[in-house]
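*Asks:* Take a look and give me a structure for this.
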Amino acid sequence: MICIVASFGVGGLIFGYGLGITGGVSSMDTFLEEFFSEIYEKEVTMKLPKNEYNAYCKFDSQILTLFTSSLYLAALPATISASFVTQSCGRRVTMLCSGVFFLAGAGFSAFAQNVWMLIIGRISGLDVLFR
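*Replies:* Below is the predicted model:
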């Protein structure tokens, strides 16, 4: 079972799941209302008839873009340093540290009070850092 879980994580399943979830969450009304109120207000005021609805311009926020792409920003240095960390510390230790960082980031994101806490939680929870 441990090998199956490790192979899913190493193969990018968790990383891809995190990216996929972000796209769905960032368009939810409750999420926008809580963390991006200006975008939520724009969404509510831009309600047009179904055949005239244009969602393109309602998500034009640099902070929302930073939230969405924060996983990519953290993955760049992680992928560069992953082989060095794994070679120096060993596979088992790096997988354990990866799980701890992932849980810490998920916990930090779960209790986030503002957008910056979400972004920091996503970056610190990047489990590919130690792969």
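*Asks:* Gly23 - nearest residue in space that isn't next to it in sequence?
*Replies:* Distance criterion Cβ to Cβ, 6 or more residues apart in numbering; nearest residue to Gly23, sequence neighbours excluded, is Thr68 at 7.4 Å. Every residue, glycine included, has its C-beta placed from N, CA and C.
*Asks:* How many residues are close by the one you found?
*Replies:* 18 (other Cβ atoms under 10 Å).
*Asks:* swap in Ala75?
*Replies:* The local packing of Ala75 (other Cβ under 10 Å) involves 19 other residues.
*Asks:* what's near enough to touch the residue nearest to Gly23?
*Replies:* Thr22, Gly23, Ser26 (Cβ atoms under 8 Å, 6 or more residues apart in numbering).
*Asks:* ok, now Val115?
*Replies:* Val115 is in contact with Phe35, Phe36, Ile63, Phe67, counting by Cβ under 8 Å, 6+ apart.
*Asks:* hang on, the earlier thing: quick check: of the contacts of Thr68, which lies closest to Gln113?
*Replies:* Relative to Gln113, the closest of those is Ser26; by Cβ to Cβ it sits at 17.7 Å.
*Asks:* my guess is the closest one meets Ser69, correct?
*Replies:* No. The pair Ser26 / Ser69 is not scored as a contact, 10.9 Å apart, by Cβ atoms under 8 Å.
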